[in-house]
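**Student:** Let's see this in three dimensions:
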Amino acid sequence: FNNEVRSAADLWMNDNIRRVRAAVRNVAQHGGMLAVIAESGAGKSTLRKDLAHWIKSQAQPVIVVEPYILGMEDSTRKGRPLRAEDITTAVINRLMPGAPIRQSDQRRKAQMHEALRASSETGNRHILIIEEGHRLSRETIRHFKGFYELEDGFKKVLSIILIGQTELEKKLSEHNPEVREVVQRCEMVKLPPLDNHVEGYLRHKFDRAGLQFDAIFAPDAVDAIRATLRQAVSETVRGQRQAREQRRERERQRGQR
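**Tutor:** Model prediction:
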């Protein structure tokens with residue numbers, strides 16, 4: 001199952017994946033702001049690759065911008081946060097390769113807006129895709145309102161897709177006043193885990209490899225695999241919870257000192 005998706009035919013689809021894929025393509029075609037929420041391994045990255053394949057194979061006039069920060073985290077304590085200026089610079093570099101980046105924040109934002117408008121006038125659409133969205137800081141999330149509201153007349157010139165694990169849903173809570181204006185503009189879709197679709201998934205994968213599922217697996221194998229996966233997920237969630245609690249305790253102790 002390593003590196004097994006090499007073409008669109010390798011993708012396994014169920015109704016949930018088709019629904020989320022349709023939402024992603026709709027934003028690419030018609031604009032908007034979308035958050036895709038799913039556990040690790042549910043197919044988030046595969047959907048992003050599928051979007052790239054669809055844009056290329058269908059000759060869609062969509063330019064994708066994907067800012068990249070090595071070791072991205074939501075605070076400087078844990079790593080390097082993705083900042084608004086990183087996004088602005090990524091857009092300029094994508095639309096104007098080699099162009100000198102203006103130094104001040106205000107002039108750099110104006111440069112980005114000019115590039116987006118000029119590209120939009122030629123018929124292009126632009127979509128900002130951020131993976132690992134659960135690692136975004138709330139300060140950066142708050143700036144998405146400004147990115148989303150960039151316009152050329154009545155036409156918005158930059159759509160946004162955030163892809164992340166379940167922590168992203170908490171960061172996009174409407175009860176958080178820091179990000180409320182972003183949440184009001186952002187559609188959220190959830191991609192459930194495979195769970196009861198494990199058999200269909202496995203049958204598809206083995207069929208792509210030219211193998212017969214029923215010749216390899218006993219009748220009760222799928223139930224056993226599902227139970228094992230659920231246990232593994234539970235242990236992972238428990239470990240993540242313990243790590244968060246330990247981190248909070250260390251921060252509390254540092255605060256006391």
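
**Student:** so who does residue 136 touch?
**Tutor:** 74, 81, 82, 130, 162, 164, 168, 171 (C-beta atoms under 8 Å, 6 or more residues apart in numbering). Yep, even glycine has a C-beta here, placed from its N, CA and C like the rest.

**Student:** State the distance from it to residue 106.
**Tutor:** Separation of residue 136 from residue 106 (C-beta to C-beta, to the nearest Å) stands at 23 Å.

**Student:** returning to what we had before: strands - which of the contacts of residue 136 land there?
**Tutor:** The strands, defined by DSSP state E, take in 130, 162, 164 from the contacts of residue 136.

**Student:** Any chance of CSV for these, columns neighbour count, pLDDT and distance to residue 114?
**Tutor:** Converted to CSV, the ones in strands among the contacts of residue 136 look like this (neighbours: other C-beta atoms under 10 Å; pLDDT from 0 to 100; distance: C-beta to C-beta, whole Å):
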residue, neighbour count, pLDDT, distance to residue 114
130, 26, 95, 23
162, 25, 96, 25
164, 21, 93, 30
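
**Student:** List just the nearest of the residues you listed to residue 208.
**Tutor:** Proximity of the ones in strands among the contacts of residue 136 to residue 208 was ranked by C-beta to C-beta; the top entry is residue 164 with 28.2 Å.

**Student:** give the contact list for the closest residue to the closest one other than its chain neighbours.
**Tutor:** Excluding its sequence neighbours, the residue lying closest to residue 164 (C-beta to C-beta, 6 or more residues apart in numbering) is residue 133, at 3.2 Å. Contacts here follow C-beta under 8 Å, 6+ apart; on that basis residue 133 touches 35, 162, 163, 164, 168.

**Student:** One more pass at 10 Å, please.
**Tutor:** 35-37, 44, 72, 82, 140-141, 160-165, 167-169, 171-172 (C-beta atoms under 10 Å, 6 or more residues apart in numbering).

**Student:** cool, and residue 71?
**Tutor:** 78, 79, 80, 135.

**Student:** among the residues you listed, which two are most distant?
**Tutor:** 80 and 135 (10.0 Å).

**Student:** Who has more neighbours out of the two?
**Tutor:** Set residue 80 next to residue 135 and count neighbours by other C-beta atoms under 10 Å: residue 135 wins out with 24 against 14.

**Student:** For the more buried one, list the residues it contacts.
**Tutor:** Counted by C-beta under 10 Å, 6+ apart, residue 135 has contacts 69, 71-75, 78-82, 164-165, 167-168, 171.

**Student:** Let me know whether my guess that residue 42 is in a strand holds.
**Tutor:** No - the assignment for residue 42, made by DSSP: H, G, I helix; E, B strand; the rest coil, is coil rather than a strand.

**Student:** surely it meets residue 193?
**Tutor:** Yes - contact criterion C-beta atoms under 10 Å: residue 42 and residue 193 qualify, at 5.4 Å.

**Student:** Which one's more surrounded, those two?
**Tutor:** With neighbours defined as other C-beta under 10 Å, residue 42 and residue 193 compare such that residue 42 has more, 21 against 17.

**Student:** residue boundaries of the strands in the stretch 101-250 of the chain?
**Tutor:** 125-130, 151-152, 155-156, 159-164, 187-191 (DSSP state E, counting those that start in this stretch).

**Student:** Turn those into CSV, including distance to residue 215.
**Tutor:** As requested, the strands of the stretch 101-250 of the chain are exported to CSV (distance: least, C-beta to C-beta, whole Å):
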stretch, distance to residue 215
strand 125-130, 40
strand 151-152, 58
strand 155-156, 53
strand 159-164, 37
strand 187-191, 31
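
**Student:** Out of those strands, the one nearest residue 59 is which?
**Tutor:** Here strand 125-130 is closest among the strands of the stretch 101-250 of the chain (C-beta to C-beta), at 12.8 Å.

**Student:** before we move on, back to that, what residues are shared contacts of residue 80 and residue 135?
**Tutor:** With C-beta under 10 Å, 6+ apart, residue 80 and residue 135 have common neighbours 69, 71, 72, 73.

**Student:** Just the buried ones from those residues, in PyMOL syntax?
**Tutor:** Restricted to buried positions by 16 or more other C-beta atoms under 10 Å, the PyMOL selection for the shared contacts of residue 80 and residue 135 reads:
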select buried, resi 69+72+73
